[in-house]
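Novice: would you be able to build a 3D model of this:
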Amino acid sequence: MKKDSLKNFIAGHRQEFDDKQPAEKNWTKIESKLPGKHIDLWNNVRVWQIAAMFLLTLSAYLIITRTASQPLVADRAKLQVEFMDLESFYNGQIADKIELISTIKEFNDQDSFTQDFEKLDAMYQVLREQMKAHPTEKIKDALILNMLVRIDLLNQQIKSLEDSEREGETGDVTI
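Specialist: This is a model prediction of the structure:
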């Protein structure tokens with residue numbers, strides 16, 4: 001019975017219900033709750049466009065940096081090859097000078113020359129390991145400088161041994 005009275009009331013006052021408009025804020029609340037109006041982030045085309053642009057930019061950056069690093073690998077290999085050529089040349093000279101010093105009879109292994117030479121050789125070995133691990137122009141220059149200093153040290157030792165040998169010869173002749 002209550003249902004019939006509600007129907008009769010609505011039917012009798014129909015025009016009163018139809019002449020009023022809901023407030024705008026009420027309509028937006030109702031509209032937001034409707035199932036067709038909900039915006040899903042993953043189904044949004046704009047989101048996918050932005051993601052595609054991001055991936056394209058990232059890919060281009062990675063390709064450019066990878067191709068830019070390849071010449072560095074080639075430069076490192078070139079540095080090592082150049083150093084190997086110089087190393088064989090200077091090590092040959094160092095070996096010749098050491099052999100010449102060993103033929104001079106008054107050579108003493110305990111002098112400061114030997115200690116200096118051993119220190120330079122130890123520094124050379126450390127630099128050489130660095131050159132193998134991370135070849136750079138600075139390390140190559142330091143290695144070459146080390147070899148040149150060792151050659152100079154050997155030349156000084158040869159000269160001092162030859163001078164002392166000459167003094168010994170002139171001392172024997174003088175009566």
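Novice: distance between the helix or strand where Lys138 lies and the chain's centre?
Specialist: For Lys138, the element it lies in under DSSP states H and E is helix 137-173. On the basis of Cα atoms, centre = their mean, to the nearest Å, helix 137-173 sits 40 Å off its chain's mean C-alpha point.
Novice: counting by contacts, list what it packs against.
Specialist: Based on contacts counted as 3 or more Cβ pairs under 8 Å, 6 or more residues apart in numbering; DSSP states H and E, the elements that helix 137-173 packs against are helix 45-103, helix 112-133. (Each C-beta comes from the backbone N, C-alpha and C, glycine too.)
Novice: distance of Phe9 relative to Lys3?
Specialist: Spatial separation of Phe9 from Lys3 under the definition Cβ to Cβ, to the nearest Å is 11 Å.
Novice: same check, this time on Ser88
Specialist: Here the distance between Ser88 and Lys3 works out to 109 Å (Cβ to Cβ).
Novice: over to Ala60?
Specialist: Distance of Ala60 to Lys3, computed by Cβ to Cβ: 70 Å.
Novice: more crowded one of the two?
Specialist: Between Ala60 and Lys3, counted using other Cβ atoms under 10 Å, Ala60 has the larger neighbour count: 10 against 7.
Novice: quick one: low-confidence ranges for the chain?
Specialist: Low-confidence regions of the chain, defined here as pLDDT under 70, cover residues 1-2, 19-20, 36-42, 67-73, 105-111, 171-175.
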